[in-house]
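K.L.:
Give me the fold of what follows.
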Amino acid sequence: MLKRLFDIIASLAGIIILIPFLLIICIFIVAGSGFPVFYLQTRVGKDGKDFNLFKFRTMANNSDKKGLLTIGGRDSRVTKIGYYLRKYKLDELPQLLNVFIGDMSLVGPRPEVRKYVNLYNDMQKKVLHVKPGITDLASIEFFDENEMLGKSLNPEQTYITEVMPKKLELNLLYIEHRGFIMDLKIICNTLLKIVK
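P.N.:
Numbering: from 1, shown residues only. The predicted structure is shown next:
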């Protein structure tokens, strides 16, 4: 109950405070690559239910048809403004709306697309017992994930066999020890990571 109350207050406050900044980002996106400003992607949420995740659009339109993973500086689908939005995680800001309406929490396992969730084993599926979040332990650990995948000869295979299992391990660790204080620490560490 406390977690949900905190999510509502913090996400609403964040949306209100950031409105001018969000509008500036929208203008840059439109000026650089036109509409739409937002990108909606179906992700898997709590109890395995699908929901629409909001992000600022950072790629050319219909780029997701060429693959679901982005591979750092090598990915020609990413727009000029999109590169910086991704680098500083600003493309994730619209997910404050997902938090406010209850699809997500500020802190929780990052939601995946169905394609990769279908590869989870029984233990890994436990991450679906809680609401997904904007940030988590894995987001901090793999802050430069796109750049790392960009160095791989087979990015998707590297993601499935190396990155995803480690991220899920961290997610399960979070679920085992989750609490309000831990959430605050993760939020602070995420902000510090972005600033650095």
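K.L.:
what number of residues lie near P94?
P.N.:
P94 has 20 neighbouring residues, counting by other CB atoms under 10 Å. The way it works is simple: take the backbone N, C-alpha and C, and place the C-beta from them, glycine included.
K.L.:
wait, what's in contact with it?
P.N.:
Shown here is P94, whose contacts under the criterion CB atoms under 8 Å, 6 or more residues apart in numbering are L22, F38, F54, K55, F56.
K.L.:
Just checking, which helix or strand of the chain averages the lowest pLDDT?
P.N.:
Every helix and strand in the chain was compared by mean pLDDT, DSSP states H and E; the lowest is helix 145-150, with a mean of 82.
K.L.:
now that one, how far from the chain's geometric center?
P.N.:
15 Å (CA atoms, centre = their mean, to the nearest Å).
K.L.:
list the buried ones in it?
P.N.:
Judged by neighbour count using 16 or more other CB atoms under 10 Å, the buried positions of helix 145-150 are E145, N146, M148, L149.
K.L.:
do the same with stretch 43-51
P.N.:
Counting neighbours by 16+ other CB under 10 Å, stretch 43-51 gives R43, V44, G45, K46, F51 as buried.
K.L.:
Measure how buried the spatially closest residue to the fourth one that is not a sequence neighbour is and give me the count.
P.N.:
Right, K46. Once flanking residues are discounted, K46 sits nearest to K131: 4.8 Å by CB to CB, 6 or more residues apart in numbering. Summarising burial for K131: neighbours were counted as other CB under 10 Å, giving 22.
K.L.:
can you give me the helices for this structure?
P.N.:
With DSSP state H, the ranges of helices along the chain come out as 2-33, 80-87, 95-101, 114-117, 137-141, 145-150, 155-158, 164-177, 180-195.
K.L.:
Now do the buried residues in the last one.
P.N.:
If you call a residue buried by 16+ other CB under 10 Å, then helix 180-195 has these buried ones: D183, I186, I187, T190.
K.L.:
pretty sure the residue nearest to K46 contacts D47?
P.N.:
No - no contact is recorded between K131 and D47 when judged using CB atoms under 8 Å, the distance being 9.5 Å.
K.L.:
And for K55, the neighbour number?
P.N.:
Residues near K55, counting by other CB under 10 Å: 19.
K.L.:
To clarify, my last question referred to D91.
P.N.:
One way to gauge burial is a neighbour count; for D91, by other CB under 10 Å, it gives 23.
K.L.:
what's the pLDDT at G67?
P.N.:
According to the predicted model, the pLDDT of G67 comes to 57.
K.L.:
before we move on, what about I71?
P.N.:
With respect to pLDDT, I71 has a value of 56.
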